[in-house]
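Novice: Below are the sequence and a predicted model; questions follow.
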Amino acid sequence: MARTNIRSTRVRPSTTGAVGLEVLAREQISPHFIRVTLGRGDIESFVPLGHDQWVRLFLPQNGGNLAAVPSTLSLGSYARFLASARGDQRPVLRAYTIREYRSEGPDGPEIDIDFVVHGTGEAAGVASAWARNCVPGDEVAILDEGTGFTLPAGIAQVLLVADESGLPAAEGVLAALPAHVRGTALLEIPAEEDRRVLAAPRGISVRWLVREDPHAVPGVLARTIAADVPLPAEGFFGWVVGESALATGVRREWVSHGVPKDRIMFCGYWKVGRSG
């Protein structure tokens, strides 16, 4: 992840150690999203926290295994992880949000992770290619990292901004908000067909921002629209995630209008031109 203040609002994970899981199902839910359902393995040890709970996801590659996955992720354990296997067989490490947790599925508890898919061949990215090709029984591992969104006491209004990489997290936040919370969610997506039905309090206005240009940089549209949205006169909590320039740009705009920094959670999930 790129620049962030997630530590200031973070709820620490309850799950400790690596959780080994299996792919249960894969579904193309819209043109740019694939949903992978995971379960079995160590799923009983996973503690759901809701909101924008995220995990480090380890994906085997080129016939490699998950033996090198650390039980925690620190500078030291990450260095050992990098040295543990050849680069082409070392598990791929990416950060993803838990889209949904279900305590009772056909095979026991299960979690969904939504992958943004783009490009083909080498342009698709390792995680995107994995999501396209995974099959039931494929093994993965996750490390729980907790949540970033925490609504401050006494605050009943929110502004949420995300591009498609932050859509699963935004869905989790909206679904977990108390019924009395009001506000606006600006959600940028690549295509009209990527819209979906969202669970949210009645007082939340969800605005879908569809990019008309398929070559446009993700996040630019949401950043432009966010700059024109009037800020509430009363206190609110701001949450912005997605491409790095979107997260830092919107946060900078809000701070320039006097929003306290501790009332903003921002996180760059990715950066244009960089993988991983």
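Specialist: Received the coordinates, thanks.
Novice: Mind pulling up the pLDDT for the nearest residue to Leu177 once chain neighbours are set aside?
Specialist: With CB to CB, 6 or more residues apart in numbering as the criterion, Leu177 has its nearest non-adjacent residue at 5.3 Å, and that residue is Pro201. Placement of C-beta: from N, CA and C, glycine included. Here, the pLDDT recorded for Pro201 equals 97.
Novice: list the contacts for Pro201?
Specialist: By CB atoms under 8 Å, 6 or more residues apart in numbering, the contact set of Pro201 is Leu174, Leu177, Pro178, Ala179, His180, Val181, Arg182.
Novice: so the last one makes contact with Ala156?
Specialist: Meaning Arg182. Yes. If you go by CB atoms under 8 Å, Arg182 and Ala156 touch, sitting 6.4 Å apart.
Novice: Flag every buried residue along stretch 75-94.
Specialist: Neighbour-count burial for stretch 75-94, counted by 16 or more other CB atoms under 10 Å, picks out Phe81, Arg90, Pro91, Val92, Leu93, Arg94.
Novice: Torsion angles phi and psi at the third one?
Specialist: Pointing back at Pro91 there. The phi and psi values for Pro91, taken as degrees, to the nearest 10, are phi -60, psi 140.
Novice: Just list the residues touching it, thanks.
Specialist: So Pro91 contacts Phe58, Leu59, Pro60, Gln61, Gly64, Asn65, Leu66, Ala68, Val69, Ala85, Ala141 (CB under 8 Å, 6+ apart).
Novice: how about the residue nearest to Leu143 when sequence neighbours are not counted, secondary structure?
Specialist: Leaving aside its sequence neighbours, Leu143 sits nearest to Arg56 (CB to CB, 6+ apart; 4.1 Å). For Arg56, the assignment made with DSSP: H, G, I helix; E, B strand; the rest coil gives strand.
Novice: Which strand or helix spans the residue lying farthest from the centre of the chain?
Specialist: Most distant residue from the mean C-alpha position of the chain: Ala233, 29.4 Å away (CA atoms, centre = their mean). Counting by DSSP states H and E, no helix or strand carries Ala233.
Novice: Could I get the contacting residues of the nearest residue to Ala191 once chain neighbours are set aside?
Specialist: Nearest residue to Ala191 in three dimensions, chain neighbours excluded: Pro31, at 5.2 Å (CB to CB, 6+ apart). The contact partners of Pro31, by CB under 8 Å, 6+ apart, come to Pro190, Ala191, Glu193, Asp194.
Novice: Asp194 now?
Specialist: Ser30, Pro31, His32, Phe33, Glu164, Val210.
Novice: Who wins on neighbours among the residues you listed?
Specialist: Neighbour tally across the contacts of Asp194 (other CB atoms under 10 Å): the maximum, 25 neighbours, falls on Glu164.
Novice: shouldn't it be in contact with Pro190?
Specialist: Yes. Glu164 is within contact range of Pro190, at 6.0 Å (criterion: CB under 8 Å).
Novice: Common neighbours of those two, please.
Specialist: Joint contacts of Glu164 and Pro190 (CB under 8 Å, 6+ apart) are His32, Pro218.
Novice: Spit out the contact partners of Ala131.
Specialist: Arg26, Ile34, Val36, Phe115, Val117.
Novice: distance of Asp144 from Arg252?
Specialist: Asp144 sits at a distance of 30 Å from Arg252 (criterion: CB to CB, to the nearest Å).
Novice: I meant Ala245, not that one.
Specialist: Counting by CB to CB, the gap from Ala245 to Arg252 is 10 Å.
Novice: any chance you could map the helices in this structure?
Specialist: Along the chain, counting by DSSP state H, helices occupy 6-9, 75-82, 126-133, 167-176, 220-228, 244-256.
Novice: Could I get the pLDDT score of the residue lying closest to Ala185 once chain neighbours are set aside?
Specialist: Leaving aside its chain neighbours, Ala185 sits nearest to Leu160 (4.1 Å; criterion: CB to CB, 6+ apart). At Leu160, the model reports a pLDDT of 98.
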